[in-house]
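Undergrad: my questions are about this predicted structure, shown below with the sequence.
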Amino acid sequence: MLGGELLSADIVVSKRVAARQAQAAASQKPLVLYNPEIQLLQTRWFGTPAIYQPAPIANTTTLFFDVAGVTQDELYNSLNDSGICKKYGPCAKDPANPTGSAWGLEWFQFAGGNYYTCYAPSTTTLQFREYILLPRWTPVADGSVTIDLVERWNALARVIYIHEAGHVAISKQDLAALNAQAHRLATCDAVVAFWDSPHVLDKEAADQAAYHARLRADCRPEVGCIPPYWMGW
């Protein structure tokens, strides 16, 4: 009896020891040897994350100009050398940007140009279309660029989009106010004179300049401003 009890106890203890040893072994992380080729491969871009795509804006056409490069410096130079102010401009003068280069643009056009028909001021509304021009980078997803560069590009592209969308909102608000003002005029001749005035868009231009001034005073990416050297840009 005594010997049997000791044997049973030994078996129980042995099972507990074995279970603890197995648990300890399972909890240990497998040894991973450093492989520089694998580490380098993990930094390369093969399509994930996706390249940033801007969301559509109501009554707005989004256009693109292409930039190229496989490094941040190459993309930076490509943006500066795009010449979009010459092709789509002229761009508004900005004291904070003495080089005159731009990485995005916004403008609007009245439907039908300067032609419209007025039967009554209250029913004569000039239709317009907004346009924004944004940079487009289309790297090949073959590992030739890094994930870090794609993430930096996506952050920059998002800020440029926010900035131009802010310009769009200002134009829409001011043009709607001008239409409302023209609706209150007494005659169609007054409407024609109103829209033919060389100063009719002065407030819109001033509001756009004030938008830039606000961004210079409080430059944050989330409101559409790129601080100096932000993320290497």
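TA: Done, it's in. In this text, all values refer to a predicted model and were calculated from it rather than measured experimentally.
Undergrad: what's the longest strand anywhere in the chain in contact with?
TA: Longest strand of the chain, by residue count under DSSP state E: strand 128-137. By CB atoms under 8 Å, 6 or more residues apart in numbering, the residues outside strand 128-137 that reach it are 51, 54, 57, 59-69, 75, 79, 82, 84, 88, 103-111, 153, 157, 160-161, 164-165, 167-168, 171-172, 175. For glycine as for every other residue, the C-beta is placed from the backbone atoms N, C-alpha and C.
Undergrad: swap in 6 Å and give it another go.
TA: 59-64, 66-67, 88, 104-110, 153, 164, 168, 175 (CB atoms under 6 Å, 6 or more residues apart in numbering).
Undergrad: what residues of it count as buried?
TA: Under the neighbour-count criterion of 16 or more other CB atoms under 10 Å, strand 128-137 has F128, E130, Y131, I132, L133, L134, P135, R136, W137 buried.
Undergrad: distance of the fifth one from P198?
TA: By that I understand L133. Here L133 is placed at a distance of 26 Å from P198 (CB to CB, to the nearest Å).
Undergrad: domains in the protein, as residue ranges please.
TA: As given by automatic domain parsing, the domain ranges for the chain are 2-31, 48-232.
Undergrad: check the average confidence over the last one, would you?
TA: Here domain 48-232 scores 95 as its mean pLDDT.
Undergrad: what about that domain, start to end distance?
TA: Domain 48-232 has its terminal residues 21 Å apart, counting by CA to CA, to the nearest Å.
Undergrad: begin at 464 from here
TA: Fine by me, first position is 464 from now on; the one you just mentioned is domain 511-695.
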